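Colleague: have a look at this prediction, sequence included:
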Amino acid sequence: MTGIDSAFLSPENQNVTDIDRLYADLEVSARRLGLASRTLGLVGGYPILLLTREADTKLPRGLVAGGFHGDEPAGPWGIARFLRETDTSVFKQTALSFLPLINPTGLRAGTHCNDWDENPNRFFIHTQGPDKTPSHEGAVLTQYLPLLLRAARDGFISLHEDSGMEAFYAYTFEQGGKPGVFTEKLLSAGTAHFPLQKDGPLYPPEPDTVQNGVVFNLHDGTFEDLLFDSGVPRTACTETPGKRPIGDRVATAQGIIETFAQLLAEG
Ligand code: NI
């Protein structure tokens, strides 16, 4: 790619709400990498895409999601940058799949929720009462749950941002009752550009409390909670700090995906 194109596509030089450019960028990368692009459903006229590489089923399988929340652009753009810059060798070691943008109407508007004011990462499990149902986006993901569970067989990461923060933290879910190497490596990737969030409650009276940079095994009804509850052995929601420069946040999201791929390859 020429220097001019790289500058055009770099997050510092573009409007992060320009989802037409995001979809176009993903399409170019998918073609280059030989990824199959499947539309799971339409939300507000935009597709929820699943990008997969048909691969040896013996390879470790992992799923990467971005853009559950529209005001957290580093996830989708970090996935786009990872796919733009990686070579095909990563797909010889792992069967990685991507849900690059869950909430297109939110990203386009720069809002946390979707156009219907629903939070797309809630109510996958009935932790807040049986009357609560998933969002438009959540209904699409739920419809394809068996497919997504196969894609996420050995792990799942969802790239989020916390718009109020200057430091990095993550929600992780691991078997064995305490954070292991999965959590440790993700925190290490997340703090390449940022400090680690201090211990303590994030949003009292909510139960989310950070200890050593992580909120661990919190049963909160999110998609990462659902996948862990459904048997995926390790899942995470990473939170890059939204108050820091977008370029560092996109680079961090890209680094988190690279770390996740290494973790999968190492078994
Ligand atoms: Ni979020």
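Modeller: All right, it came through fine.

Colleague: centre of the chain to the biggest helix by length in the chain, how far?
Modeller: In the chain, assigned by DSSP state H, the helix with the most residues is helix 246-266. How far helix 246-266 lies from its chain's middle: 10 Å, per C-alpha atoms, centre = their mean, to the nearest Å.

Colleague: hey, what's the residue in the stretch 151-267 of the chain that the ion sits nearest to bridged with?
Modeller: The stretch 151-267 of the chain approaches the ion most closely through H160 (3.5 Å), counting by C-beta to the ion. Where C-beta positions appear, they are placed from N, C-alpha and C, glycine not excepted. When assigned by DSSP bridges, H160 has beta-bridge partners E239.

Colleague: so it makes contact with C237?
Modeller: Yes - counting by C-beta atoms under 8 Å, H160 touches C237, with 5.2 Å between them.

Colleague: give me the common contacts of these two.
Modeller: Counting by C-beta atoms under 8 Å, 6 or more residues apart in numbering, the shared contacts of H160 and C237 are N121.

Colleague: where does pLDDT dip in the stretch 101-250 of the chain?
Modeller: 127-131 (pLDDT under 70).

Colleague: what does it have sitting close to the ion?
Modeller: H160 (C-beta under 5 Å from the ion).

Colleague: could you pull out the helices for the stretch 101-250 of the chain?
Modeller: Using DSSP state H, counting those that start in this stretch, the helices assigned to the stretch 101-250 of the chain run over residues 104-109, 136-143, 145-151, 181-190, 223-229, 246-266.

Colleague: now those as a markdown table including mean neighbour count?
Modeller: Output for the helices of the stretch 101-250 of the chain, formatted as a markdown table (neighbours: other C-beta atoms under 10 Å):
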| stretch | mean neighbour count |
| --- | --- |
| helix 104-109 | 24 |
| helix 136-143 | 20 |
| helix 145-151 | 16 |
| helix 181-190 | 20 |
| helix 223-229 | 23 |
| helix 246-266 | 21 |
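
Colleague: a markdown table please, covering those and showing distance to Y171.
Modeller: Listed next are the helices of the stretch 101-250 of the chain as a markdown table, based on distance: least, C-beta to C-beta, whole Å:
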| stretch | distance to Y171 |
| --- | --- |
| helix 104-109 | 19 |
| helix 136-143 | 17 |
| helix 145-151 | 18 |
| helix 181-190 | 10 |
| helix 223-229 | 7 |
| helix 246-266 | 13 |
